[in-house]
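[1] need the 3D shape of this:
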Amino acid sequence: MSLKNVNTVLATAGVLFTLYLGVSFILTPETSAPGFGLPSWPAGDGGGFLIVKGSREIAMGLAMGILLVSGHRRALGWVLLMTAVAPFGDMITVLAHHGSVAAAFGIHGLTSALIVAAGLLILRETGKARKAQEAAAPAPAAQPA
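    Next comes the predicted model:
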């Protein structure tokens with residue numbers, strides 16, 4: 001299996017998982033929130049923040065999906081690296097609010113690391129492809145004086 005195929009599978013899994021998380025936090029926040037790792041359910045109108053989280057996840061999933069489907073692989077690699085900041089921030093939030101250390105590192109930290117790995121692999125793949133194209137391109141003809 002080529003690096004491009006592996007990267008496509010990783011990116012597709014990331015897109016689908018991100019969209020699933022977003023929809024879950026919007027439609028069923030009461031079942032999604034406990035797995036996030038924070039020690040308590042939001043009080044009062046705090047549940048609205050779960051919908052914000054769901055909307056953020058859907059936006060990230062759509063951005064990655066559009067780049068993947070349209071073939072903008074180099075841009076996808078950079079967006080994956082940028083997207084990895086979100087689960088890293090979630091990890092910091094869980095730790096800062098005395099949530100589950102296992103969830104912080106095992107869910108959010110691991111997710112961030114996997115997204116970074118996928119982004120770096122795609123950037124590596126597209127960098128090699130660009131160098132191969134440049135090597136195969138004929139040298140420009142000299143202009144007569």
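
[2] do I have it right that Gly99 meets Ser40?
    No: distance between Gly99 and Ser40: 9.0 Å, which falls outside the contact criterion (CB atoms under 8 Å). Bear in mind the C-beta positions are built from the backbone N, C-alpha and C, glycine included.

[3] could you export the helix or strand of the chain with the lowest mean pLDDT as CSV, CA atoms only?
    The helix or strand with the lowest mean pLDDT-type score in the chain, counting by mean pLDDT, DSSP states H and E, is helix 29-32 (a mean of 82). As requested, the backbone C-alpha atoms of helix 29-32 are provided in CSV (Å, rounded to 0.1, in the frame of the first residue of the first chain):
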residue,chain,number,x,y,z
PRO,A,29,-24.7,16.1,24.5
GLU,A,30,-25.9,14.3,27.7
THR,A,31,-24.3,11.0,26.4
SER,A,32,-21.2,12.6,24.8
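
[4] what is it packed up against?
    Based on contacts counted as 3 or more CB pairs under 8 Å, 6 or more residues apart in numbering; DSSP states H and E, the elements that helix 29-32 packs against are helix 3-27, helix 48-70.

[5] averaged pLDDT, stretch 126-136. What do you get?
    On average, the pLDDT along stretch 126-136 is 78.

[6] go through that stretch and flag the buried ones.
    Of the residues in stretch 126-136, those with enough neighbours to count as buried (16 or more other CB atoms under 10 Å) are Thr126.

[7] do the same with stretch 41-52
    Counting neighbours by 16+ other CB under 10 Å, stretch 41-52 gives Leu50 as buried.

[8] and it, how far out from the chain middle?
    Averaging C-alpha positions (CA atoms, centre = their mean, to the nearest Å) puts stretch 41-52 23 Å from its chain's average.

[9] hmm, back to that, give me the contacts around the least confident helix or strand of the chain.
    21, 24-25, 41, 47, 50-51, 54 (CB atoms under 8 Å, 6 or more residues apart in numbering).

[10] now for those residues: which two are most distant?
    Across these, the two members that end up farthest from each other (CB to CB) are Leu21 and Trp41, 17.7 Å apart.

[11] sorry, back to before: and the helices and strands packed on helix 29-32 as CSV, adding distance to Phe36?
    Formatted as CSV, those follow (distance: least, CB to CB, whole Å):
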stretch, distance to Phe36
helix 3-27, 9
helix 48-70, 8
